[in-house]
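J.: coords below, sequence missing:
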């Protein structure tokens, strides 16, 4: 503990923007159903959808000192990603830190702990996905680290990884895989458009995907409800 | 496992519409305070209020194959009701399945697991009450069953039962009891209207319900706070 | 059990209004980071912000009889604060009780259990912070007490304490400390205004708070990411 | 609510004894992986293993009156199975009730709530699987029902169903299926004995079950860790 | 924060010993079913049963500095009672602190957080009731307070209150009420002895408590299971 | 998904044995308070204490196929470490798999999910730390991976990392750091021995660690309880 890694590498802005536009569910499928943070990570307001490069923070429980350190490391389009070293629901982050982070180009916060001033943050358009909302404050007494690998809500995050977040939750894309994941996601979206049209017209996924025979082979049986039941 | 029951019986559309209009809290009281799903079942957007006939799905954890099978069983005004065979928060259902379900007349989904594409579902007006929101996808490998009795969020649901859902949660009305429950609920609403007026005028429930003597008989004592306290 | 304390003392309306305006996070800091209810206490609608004097209720699990008794004790600007004697998520409170409470001048409810009729309550502008939303009803069989000290969501609340609540949660201010806490909170707000301006201009909290040397003294090290990483 | 069903049907003592001997995990597999109560149901002491006919109880939260009623319905070899009508962790049951139940031939208790006097119960050899241990007592004010269908820890239980419980948890066997399940379980045990011997000798399940080709067909790849890693 | 109260008052050793002998469930009933800590407070080994005077500790999350301070305040027969200022499962306490506490006459620890070295503590016969077991350590950076009122696992504890703990959990007896509670508990035990004998002989609680008529008056109905069911 | 890494590197048997002897709490402190798995990971029986090299498994929810694959990769002294790709409490592992694993030299299992046959496993002396115990079985339908990096109970585990586990939980030591951590842990044990003796003699940690002045400097105040209180 007590390390700050500077000048991290990031994915290109175009790729990040592309991943943001695609959204979490499609990105998650496109990279082989991996990288989803735990489902308790929720947005503080509906409708936020964005992507950014992770500036990671490992912080002690109830101590937000490292957030102040991390803000100096922020670049345009970054997201702060904080994991406490043991479970904690304190409000590590509020409107003053958000003001400072936004002034450095930061787009939002992913925190496996609590936030506060959520009404102010919503008004400012500062996006947050958190485990909790709590005004219970923190101290500034113990060191942590910035831009080291962390496990946030069950997923490994390294500095510079691309984080994609929307109303479905948060997914991590490894920096080196971001370009390929974007390509796969866009291909997937194309295929979905055609299917959506057929499904809207009343065709069954059952038939579109040719599942009827596979299901029968697995042993699926159809019965008719008896008159009595 | 591996059974699909076809041609299930349903309550009449009038009764279902009546129960939807009454809302969950009144229906629950009217049928003797039973049938409420666990309070962790929440709507993905505020303001949804509906009722429908249950098409039930028993699915393995992390496997949504049976949803494709269930859609073929949907009739106008039905609701999908899914219970996994062990606890799971995966996103079993998203906008493509919703498109298909809506094309078959389905009004919404009750799922003791996760959903995804919640922004799209909200835009489409497809109502969902779920235990979780998660983009974590599922596979299509193992059989389950459709229209068999299931336990969803702690309550037994049989195919064709009437499900009523709003911002207060989800309640199950047995198909055979639906008519009587609607009558009792409407009677209850009538009685409440009069009470609401008296309460709004400042009368105490205490007096309206004649509780003062009963409470005294049970031993309730009144004290006055001391000056010092 | 079975006691009702009448004629409780309250803080002045001016102090209560002042605390409401300041909001939960600042009040919590101003009184030394104490008094926050557990972070599972959430508002039933976004944007509510208020303060009031606590009328406390200790109620058995699944029994809301004492709410009827408590309403008689309400004065203008009060808040109902209910703690069950063991964990319970039942819907103790709905639109009829809210109608009655509002007629007595009550501003809202803090309940370490469930509420129902949340759509109606939202329309009526009756604020509620609760642990759960559930239409699962309650009975009226057993006594509890009104205006005795209770522990609500982990915090001791005495009748007449000032409760401040907003989107960040709920904080308790002891009645005797309310004036001093308000003064400290307002002083804090003044100091924050200046800092917010400097942070918005891009200055670092790091520098404003003079943390650079303290952190170095604690042993914080800065590294530069290697080209390979 | 408020119903006691008398003279319920039960499975034969031989079948029940057979199922007890087989144990929960094998019974669960033998009936197609269904009927397991939620994994939070734990035995109050290690090593208990038994089976019995269910005498079911639906009880209000925090109210154990119906347990007294249920005891009159007990026969030799029965198990009490209690589900509260909403979640509750109160201690519904202690050593006096156990003394009474044992005098009627009862073997144990399955309760989706709390128990107390666990040291006494352990000494008496009265087996309990519960969600919680708590000395928090209950009242005797409201009716419930005995021998009606209940949902206990997520599973439907009807009076007379066979309950099998051991250190792995609790499983429900429908009365009508008990004989067939026992036969299937015993067959399964026979097959396992042979496999256990081969596995103990170092043979791989991989090979015994002929999985190697299936896995390759699904696309499993083997890599060798590089020297550097 | 940052206060140590010295020379607290305690109940007499006789009363404390009497309460220990009675046990938690009976004490809890004898004082009107109040004072139980949350049911997640579990003993680290089966069979511990004791009582002692509370030396209370309010500690920041993940910081055990105040335990060192509290040990100086311990007298013969005391129990340490720690509540973190926000939820935390860290291991605040291990074998070194236990060695020190035992040297001062302390009998055990009640902690709404984690402990570690549980095998050593068990061997030493140092009793602990905790929310968690975790080797995750703590720091010594921030002040807390000793012998101030705290809320531990949902219950108010003041320095010098009598804590009674056994396999059923932990209950708090107010110092001023300890003598009366002991008397009531012993009276209760006497009454139970007679009932136990009658129940063991097969008499029904139903009849002993004269419930048959009350239940009928409430509307309880008895049915006989139909041949078909 | 669908990868098996073979021939992983391991720490030396001496270092592993050394870490096992030291125990979890000391190892955790010696490596700078990192690497602890979540506190919900509990041993299925008291008293187990061991260390081993991790053979990691990433498995779909409710599917234990990869355990069969992983067993082929086991070497003398290894531990199986399984993380499901989304939360699951199914019983992935029982006595047959344990028989097979033991035949290959495996010492135990760390699983962020459920196990079953816990009585058999205890009798066999096969150690397990798990999130749950459940007889709810799994299927063998979908691929996962073996010896890839996983996140287990909140901590990154790579194949060949040393896992140390005892009654305090489970800690991960990176393979490359194992030797240094062992040295630091042994040094720490030496220092503790001296302190334990002084503490047992009644000396205060307060004084041994020279905290009195630091605490005063931080502002700690001592008060004497008033006669009235």
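T.: Perfect, I can see it now. All values derive from a computational prediction rather than experimental measurement.

J.: hmm, who's touching stretch A:183-196?
T.: With CB atoms under 8 Å, 6 or more residues apart in numbering or on different chains as the test, stretch A:183-196 has contacts from A:18-19, A:22, A:26-27, A:29-31, A:205, A:208, B:95-96, B:99. Where C-beta positions appear, they are placed from N, C-alpha and C, glycine not excepted.

J.: again, only using 6 Å
T.: Stretch A:183-196 is touched from outside by A:22, A:26, A:27, A:30, B:99, with contacts defined as CB atoms under 6 Å, 6 or more residues apart in numbering or on different chains.

J.: Contact residues of chain A facing chain C?
T.: When proximity is defined as CB under 6 Å from any CB of the partner chain, chain A approaches chain C at A:2-8, A:68, A:72, A:89, A:94, A:99-100, A:103, A:116-119, A:132, A:134-137, A:143.

J.: Helices - which of those land there?
T.: A:68, A:99, A:100, A:103, A:118, A:119 (DSSP state H).

J.: now the residues you listed as JSON lines including distance to residue A:55?
T.: Formatted as JSON lines, those follow (distance: CB to CB, whole Å):
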{"residue": "A:68", "distance to residue A:55": "13"}
{"residue": "A:99", "distance to residue A:55": "17"}
{"residue": "A:100", "distance to residue A:55": "13"}
{"residue": "A:103", "distance to residue A:55": "15"}
{"residue": "A:118", "distance to residue A:55": "21"}
{"residue": "A:119", "distance to residue A:55": "25"}
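
J.: Which positions in chain A make contact with chain E?
T.: Counting by CB under 6 Å from any CB, the residues of chain A near chain E are A:60, A:61, A:62, A:86, A:88, A:90, A:136, A:139, A:141, A:142.

J.: what's the farthest-apart pair in those?
T.: Farthest pair in those (CB to CB) is A:136 and A:142. Separation: 17.1 Å.

J.: More neighbours: which of those two?
T.: Set residue A:136 next to residue A:142 and count neighbours by other CB atoms under 10 Å in any protein chain shown: residue A:136 wins out with 30 against 22.

J.: Would you confirm that that one contacts residue C:36?
T.: Yes - counting by CB atoms under 6 Å, residue A:136 touches residue C:36, with 4.4 Å between them.

J.: Would you indicate which residues of the top strand by length along chain A are buried?
T.: Using DSSP state E, we find that the single longest strand of chain A is strand A:50-59. By neighbour count with 16 or more other CB atoms under 10 Å in any protein chain shown, strand A:50-59 contains the buried residues A:50, A:51, A:52, A:53, A:54, A:55, A:56, A:57, A:58, A:59.

J.: Direction included, what does that strand pair against?
T.: strand A:78-84 (parallel), strand A:145-146 (antiparallel), strand A:162-166 (antiparallel) (DSSP bridges).

J.: Not counting its neighbours along the chain, what's nearest the spatially most central residue of chain A?
T.: Of all residues in chain A, the one closest to the mean position by CA atoms, centre = their mean is residue A:170, 1.9 Å from it. Setting aside the residues directly before and after it, residue A:170 is nearest to residue A:37 in space (CB to CB, 6 or more residues apart in numbering or on different chains), at 4.3 Å.

J.: Look up phi and psi at the one you found.
T.: phi -70, psi 160 (degrees, to the nearest 10).

J.: what do you get for residue A:43?
T.: Backbone torsions of residue A:43, given as degrees, to the nearest 10, read phi -70, psi 150.

J.: So which bits of the lengthiest helix in chain A are buried?
T.: Scanning chain A for the longest helix, with DSSP H as the assignment, gives helix A:178-200. Neighbour-count burial for helix A:178-200 flags A:178, A:179, A:181, A:182, A:184, A:185, A:192, A:195, A:198, A:199 (criterion: 16+ other CB under 10 Å).

J.: Quick check: residues of chain A near chain F?
T.: A:151, A:154, A:156.

J.: how about 7 Å then?
T.: Counting by CB under 7 Å from any CB of the partner chain, chain A comes close to chain F at A:1, A:32, A:151, A:154, A:155, A:156.

J.: which among these gets closest to chain B?
T.: Proximity of the residues of chain A next to chain F to chain B (CB to the nearest CB) peaks at residue A:32, which lies at 9.5 Å.

J.: so what's residue A:116 up against?
T.: When contacts are counted by CB atoms under 7 Å, 6 or more residues apart in numbering or on different chains, residue A:116 touches A:91, A:94, A:133, A:134, A:135, C:25, C:168.

J.: Which one of these is nearest to residue E:41?
T.: residue A:134 (22.6 Å).

J.: So what's the predicted local confidence for the closest one?
T.: You'll see residue A:134 listed with a pLDDT of 97.

J.: picking up where we left off before, of all the residues of chain A next to chain F, which two lie farthest apart?
T.: Most distant of the residues of chain A next to chain F, by CB to CB, are A:1 and A:32, 33.0 Å apart.

J.: More neighbours: those two, which one.
T.: More crowded of residue A:1 and residue A:32, by other CB under 10 Å: residue A:1, with 17 against 13.

J.: Relative to residue F:34, how far out is the more buried one?
T.: Distance of residue A:1 to residue F:34, computed by CB to CB, to the nearest Å: 8 Å.

J.: One more: residue A:133?
T.: Distance, residue A:133 to residue F:34, using CB to CB: 28 Å.

J.: do residue A:81 as well
T.: Taken as CB to CB, the span from residue A:81 to residue F:34 is 18 Å.

J.: For burial, what's the neighbour tally of the closest residue to residue A:94 other than its chain neighbours?
T.: Taking CB to CB, 6+ apart, and ignoring the residues beside it in sequence, residue A:94 has residue A:117 as its nearest neighbour in space, at 3.8 Å. Using other CB under 10 Å, residue A:117 has 28 neighbouring residues.

J.: And the one 3 residues further on, by the same measure?
T.: Taking other CB under 10 Å as the neighbour definition, residue A:120 ends up with a count of 18.

J.: Likewise for the one 3 residues further on?
T.: Counted with other CB under 10 Å, the burial measure for residue A:123 works out to 11 neighbours.

J.: re the thing from before, with neighbour numbers in mind, choose between residue A:81 and residue F:34.
T.: Using other CB under 10 Å, the more surrounded residue of residue A:81 and residue F:34 is residue A:81, with 31 against 16.

J.: what's the more buried one in contact with, if anything?
T.: So residue A:81 contacts A:54, A:55, A:56, A:57, A:110, A:152, A:157, A:163 (CB under 7 Å, 6+ apart).

J.: beta partners of it?
T.: residue A:56, residue A:110.

J.: State the pLDDT value of it.
T.: Reported pLDDT for residue A:81: 98.

J.: what residues does chain A put near chain B?
T.: So chain A meets chain B at A:24-25, A:28-29, A:33, A:36, A:39, A:47, A:166-169, A:171, A:192, A:195-196, A:199-202, A:204-206, A:211, A:215, A:218-225, A:229 (CB under 7 Å from any CB).

J.: Can you give me the separation between residue A:58 and chain E?
T.: 13 Å (CB to the nearest CB, to the nearest Å).

J.: Surely that residue and residue A:70 touch.
T.: No - with contact defined as CB atoms under 7 Å, residue A:58 does not count as touching residue A:70 (10.1 Å).

J.: Could you tell me which residues make contact with residue A:149?
T.: Here residue A:149 is in contact with A:156, A:158 (CB under 7 Å, 6+ apart).
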